[in-house]
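1. here is a sequence with its predicted model. Questions after.
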Amino acid sequence: MRQNCPEHEHRGRATVQAWLIALIGPIALIFSQTFPLHAQTLTQQSIAQQVEQLSAAMARTESQVEESQRQLEIMRRQLATLQARMGLPGADATDSASESNAANAASNLAAQVDALREQQGVQESQIATQDQAKVESESKYPVKVSGLILLNGFVNTQKVDIAATPTIAAGGPGSTGLSLWQTVLGLDARGPSLFGARSFADVRVDFDGGSYASTNSTGGYNGSLGMLRLRTAHATMEWQHTQAFFSLDRPIFSPYTPSSLTAIAIPALAWSGNLWSWNPQVGATHDFSLSSSLRLRAQTALIDVSDAPAVAGGVAPSVTAANLPADNTISSPSAAEQSRWPGVESRLALLGVEENAAQLGIGGYFAPHRILNGTRFDAWAGTLDYRQPLPARLELTASAYRGQSLGGLGGGGFKDYAYYFDGHDTYFRALDDMGGWAQLKERASERLEFNAAFGIDNVPAGQLRPYASPYSTPYQNLARNRTFGGNVIYSPSAYLLFSLEYRRLDSSPVNSPANGSNVIGVGAGYKF
């Protein structure tokens, strides 16, 4: 019968205590050095400090592992020697058990070391990513470069105003070609917190300015005579329920735009019911909570509206022999700027808490205008917009308006007013306008969507007919413009986009038969 030796028990307890200290010490050290990562909010400097701390912790842990293994090996040998001297059976079994325990302890500590190495590798990868994505700015706050390299192919069965980005049918032979002018580049910046608000800004440019300078079809929107063109810009301060902003963008009462990959330079359904034009604005937005699932959004802004393109580049009452500037290289102010009062716009919308919830909005717009011969008129509009998710991954989006002199916003058949000269007399009329658009979208999957849309812009023919002239531009005689069509957009990855699109343009001058053109477009884009 086996008897316990007091000396053996004492040494065994000491051995077990030493073994536990050796095993638990490194593990406690590991957990004391481990801390949660917040990669989205840490700066590059703090991440680098964490990597240094983890490297030091790993080195200390590896040293502890080696020391623990050395002490375990010494204790195993001492225990085997003691058992051999006392002639106790089970020496081999105890030796095997000691080896097994030592192996388990070493394995556990090695696993902890591997975890630290993996954690260090993740942080080094994050540092490399930040080094690669960092764009230096004067403010030292992060700036992100983004863009869309876009190739468009087009076939127009009849003559249109601009071959690559058509908006009206003009009558005559068609055209076919390729374009990269709709390529878009952008900068996004995040700034400091100020008065408890987050600050951020962005700007977008494209290369489609040259086509407008050559055709003079949108003169008021594109002061640049070169290829590079400023599209949109935003600077925003955002609190929990409030935003303050200034921007160059579409009106706040026209928040949606139809989906298209072949109509980027001029948005889809422009001049066919989509009030899209990019104008300087400054304003604020506030969300009121009505219930746990419903909000009321109130928006208001001041807006500086550009001249309608049919007036900006052509002869109008504002440019006659009697009132031309002495130096005709001087740029004249727009009709809205000559009124010396800014335009105002507003919108109220009911919307759900979820990002893609249904929305119903009503809006208004008013801007006084004055031209150089002293004639005054007002531009105004009332608007309605609606977005509704539907079953089967469908979504309906619609917008409508009724107003006057909306050429500066992308309506009115490219014009705010009509006029003609009779001797020394000028006859003038601000034109009413009404229109809208609707789109039905089906998201078949995360990568595939189908869109069908229709839009119309209509100036009353009775108002326009007395001012029609065979010598006027197609835009000044245009009473109604309609567009309908559809597209399929496929994105095989987050960076690639492909599209096939069909549009039908129907344009009706007040003094001649309607013109039509079928537009077939393909698009291939790479996002970065």
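-> All right, it came through fine.
2. so what's Ala358 closest to, chain neighbours aside?
-> Distance criterion C-beta to C-beta, 6 or more residues apart in numbering; nearest residue to Ala358, sequence neighbours excluded, is Gln388 at 4.9 Å. All C-beta atoms are positioned from the backbone trio N, CA, C, and that covers glycine.
3. could you do Ile168 as well?
-> The shortest distance from Ile168 to any residue other than its chain neighbours is 4.3 Å, reached at Ser507 (C-beta to C-beta, 6+ apart).
4. so what's the gap between the helix or strand harbouring that neighbour and the chain middle?
-> Secondary-structure assignment from DSSP states H and E places Ser507 in strand 496-509. Averaged C-alpha coordinates place strand 496-509 at 23 Å from its chain's average position (C-alpha atoms, centre = their mean, to the nearest Å).
5. show me what it is packed up against.
-> Counting contacts by 3 or more C-beta pairs under 8 Å, 6 or more residues apart in numbering; DSSP states H and E, the secondary-structure elements packed against strand 496-509 are strand 169-179, strand 478-490, strand 515-527.
6. just say which of those strands is most tucked in.
-> Among those, ranked by average contacts under mean count of other C-beta atoms under 10 Å, first place goes to strand 478-490 (a mean of 22).
7. list of residues touching the helix or strand Ala298 falls within?
-> Ala298 belongs to strand 294-303 when assigned by DSSP H and E. Contacts to strand 294-303, defined as C-beta atoms under 8 Å, 6 or more residues apart in numbering, come from residues 251-252, 279-290, 342-353, 361, 365, 367.
8. direction included, what does that strand pair up with?
-> strand 279-289 (antiparallel), strand 343-352 (antiparallel) (DSSP bridges).
9. how's the chain carved up into domains?
-> In the assignment given by automatic domain parsing, the structural domains of the chain cover 6-133, 143-527.
10. okay, those domains, which one's buried deepest?
-> domain 143-527 (a mean of 18).
11. quick one: that domain to chain centroid distance?
-> Centroid displacement of domain 143-527 relative to its chain, using C-alpha atoms, centre = their mean, is 17 Å.
12. could you dump stretch 401-419 to CSV, C-alpha only?
-> Listed next in CSV are the C-alpha coordinates belonging to stretch 401-419 (Å, rounded to 0.1, in the frame of the first residue of the first chain):
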residue,chain,number,x,y,z
TYR,A,401,-45.1,70.8,-60.2
ARG,A,402,-47.2,73.8,-61.3
GLY,A,403,-45.7,77.3,-61.7
GLN,A,404,-44.4,80.1,-63.8
SER,A,405,-41.0,81.0,-65.3
LEU,A,406,-39.3,77.7,-64.4
GLY,A,407,-36.6,77.7,-67.0
GLY,A,408,-33.9,78.5,-64.4
LEU,A,409,-34.9,75.3,-62.6
GLY,A,410,-34.9,72.9,-65.6
GLY,A,411,-38.5,73.3,-66.8
GLY,A,412,-40.5,75.7,-68.9
GLY,A,413,-39.2,74.3,-72.2
PHE,A,414,-35.8,75.9,-71.6
LYS,A,415,-37.3,79.4,-71.1
ASP,A,416,-38.8,81.7,-68.5
TYR,A,417,-40.8,84.0,-70.8
ALA,A,418,-41.7,84.8,-74.5
TYR,A,419,-41.3,88.1,-76.3
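13. how about low-confidence regions in the stretch 101-250 of the chain?
-> Per-residue confidence of the stretch 101-250 of the chain (counting by pLDDT under 70) places the weak regions at 101-103, 105-107, 109-110, 113, 116, 118, 120-136, 211-226.
14. spell out the residue ranges of the helices in it.
-> Remark: helices assigned in the stretch 101-250 of the chain by DSSP state H, counting those that start in this stretch are 209-215.
15. do you have the strands of it handy? List them.
-> With DSSP state E, counting those that start in this stretch applied, the stretch 101-250 of the chain shows strands at 143-160, 169-179, 184-190, 198-206, 229-238, 242-249, listed in chain order.
16. between those strands, which gets nearest to Lys415?
-> Closest of the strands of the stretch 101-250 of the chain to Lys415 is strand 169-179, at 15.8 Å (criterion: C-beta to C-beta).
17. just the CA trace of that closest one, in CSV.
-> As requested, the backbone C-alpha atoms of strand 169-179 are provided in CSV (Å, rounded to 0.1, in the frame of the first residue of the first chain):
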residue,chain,number,x,y,z
ALA,A,169,-35.7,65.9,-80.6
ALA,A,170,-35.0,68.5,-83.3
GLY,A,171,-35.9,66.7,-86.5
GLY,A,172,-33.2,65.6,-89.0
PRO,A,173,-30.7,62.7,-89.4
GLY,A,174,-29.6,60.8,-86.4
SER,A,175,-26.1,60.1,-84.9
THR,A,176,-24.0,57.4,-83.3
GLY,A,177,-20.9,57.6,-81.1
LEU,A,178,-19.0,57.1,-77.9
SER,A,179,-18.3,59.5,-75.0
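18. show residues contacting it.
-> The set of residues external to strand 169-179 that reach it, using C-beta under 8 Å, 6+ apart, is 151-161, 163-165, 474, 505-507, 515-517.
19. quick one, it and strand 515-527 angle?
-> Relative orientation of strand 169-179 and strand 515-527, computed by axes from the mean of the first three to the mean of the last three C-alpha atoms, to 10 degrees: 20 degrees.
20. direction included, what does strand 169-179 pair against?
-> Checking strand 169-179 against DSSP bridges gives partners strand 143-160 (antiparallel).
21. with just CA atoms, put the partner strand into CSV.
-> Provided in CSV are the C-alpha atoms of strand 143-160 (Å, rounded to 0.1, in the frame of the first residue of the first chain):
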residue,chain,number,x,y,z
VAL,A,143,-10.3,63.7,-47.4
LYS,A,144,-11.5,60.9,-49.7
VAL,A,145,-11.2,60.9,-53.5
SER,A,146,-13.9,59.1,-55.4
GLY,A,147,-15.1,59.0,-59.0
LEU,A,148,-16.8,57.2,-61.8
ILE,A,149,-15.0,56.5,-65.0
LEU,A,150,-17.9,56.2,-67.4
LEU,A,151,-18.0,55.2,-71.1
ASN,A,152,-21.3,55.8,-73.0
GLY,A,153,-22.2,54.5,-76.4
PHE,A,154,-25.3,56.1,-78.1
VAL,A,155,-27.5,55.7,-81.1
ASN,A,156,-30.0,58.5,-81.9
THR,A,157,-32.4,57.5,-84.7
GLN,A,158,-33.2,61.2,-85.4
LYS,A,159,-31.5,64.6,-84.7
VAL,A,160,-31.3,65.7,-81.1
